[in-house]
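A.B. asks: mind folding the following:
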Amino acid sequence: MAEPRKPSTAICTYTSDAIYVRDKSLVDELIGEVSFTQMMFFQIMARMPTAGEVKIVDAVLVTLMEHGITPSAIATRLTLMSAPESLQGAVAAGLLGVGGQFLGTMEGAAALIAEIIAAPDRAAAAEGIARRHRESKTPLPGFGHNLHRPDDPRTPKLLAVARTAGVKGDHIAALLALGDAVDRVYARHITINATGAIAAVLSELGIPVEVMRGFAVITRAAGLVGHIKEERENPAARAIWELAAHEVEYSGDAVKGAHD
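C.D. replies: Okay, here's the model as predicted:
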């Protein structure tokens, strides 16, 4: 009977006087020598990024860091009000909202782009995806926005950054083909939103679909720390709570007639 495989890691090891991250000395080769973006990419992808890849990832991180009083920011502010001693808990509360409806939809969009890339007829594949989503009435990840209409202004900027950085462009072309198909099938223009663009540009770098949402988690953590600092200096959480209590009416019978 074969012995079970012993687990291993290629990420980090250490001695009494040194730390190594993916075989590079943390002290001699990384601290003060690489940027956070370079280090993050190196940690995830096990290789140092090119200058063009750094520019693209930086653009993605900047794009996703902040978008106002959104569900993730509200969750962070309310949690901080409830547990002011737990900065990490407040950040964690906000990060739990990075999902398939808000902020994390690049994962689903990247899967659709990969489906188009793998198809022998990419135009037909894009058309099929659009029809499939319309007929099933399911949300199309990477498309549409409740505020940015008719177009998300972040999308052309992200695609331009990627093109300037010298990406091959196959994934961007697949996204644009899907955008054309969506407009035809839905008989109206639906914007490619920022997470759709991010799905394309990160796919150009070889970022796996299953970890792509992690880029949103990483940068939104920094954004939520900014909300925590502002909440401590200029609180809004109680006003948000009171507004919700006022706007959400009780529908039961416990106090029926009390105000008649």
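A.B. asks: so what touches stretch 211-228?
C.D. replies: Among residues not part of stretch 211-228, those counted as contacts by C-beta atoms under 8 Å, 6 or more residues apart in numbering are 40, 44, 57, 60-62, 64-66, 72-73, 76-77, 80, 87, 90-91, 94-95, 98, 103-104, 106-107, 110, 195, 198-199, 202-203, 207. C-beta coordinates here come from the backbone N, C-alpha and C atoms, glycine included.
A.B. asks: model confidence score at Trp8, please.
C.D. replies: Small correction: residue 8 is Ser, not Trp. Looking at Ser8, its pLDDT reads 96.
A.B. asks: sticking with Gly108, tell me its helix or strand.
C.D. replies: Under the assignment given by DSSP states H and E, the secondary-structure element containing Gly108 is helix 106-118.
A.B. asks: chain center to that helix: distance?
C.D. replies: On the basis of C-alpha atoms, centre = their mean, to the nearest Å, helix 106-118 is displaced by 15 Å from the centre of the chain it belongs to.
A.B. asks: of all the residues in it, which ones are buried?
C.D. replies: Buried positions in helix 106-118, judged by neighbour count with 16 or more other C-beta atoms under 10 Å: 106-116.
A.B. asks: do the same with stretch 186-197
C.D. replies: Within stretch 186-197, the residues that qualify as buried by neighbour count (16+ other C-beta under 10 Å) are 186, 190-197.
A.B. asks: and the strand or helix carrying Val211, how far from the chain's centre?
C.D. replies: Taking DSSP H and E as the definition, one finds Val211 inside helix 209-233. On the basis of C-alpha atoms, centre = their mean, helix 209-233 is displaced by 10 Å from the centre of the chain it belongs to.
A.B. asks: what about that helix, average pLDDT?
C.D. replies: Here the mean pLDDT over helix 209-233 is 97, rounded to a whole number.
A.B. asks: ranges for the helices of the stretch 51-200 of the chain?
C.D. replies: Remark: helices assigned in the stretch 51-200 of the chain by DSSP state H, counting those that start in this stretch are 51-64, 71-82, 87-95, 106-118, 122-136, 154-164, 170-186, 194-204.
A.B. asks: pick the most deeply packed of the ones you listed.
C.D. replies: Sort the helices of the stretch 51-200 of the chain by mean neighbour count, taking mean count of other C-beta atoms under 10 Å, and helix 194-204 sits at the top with a mean of 27.
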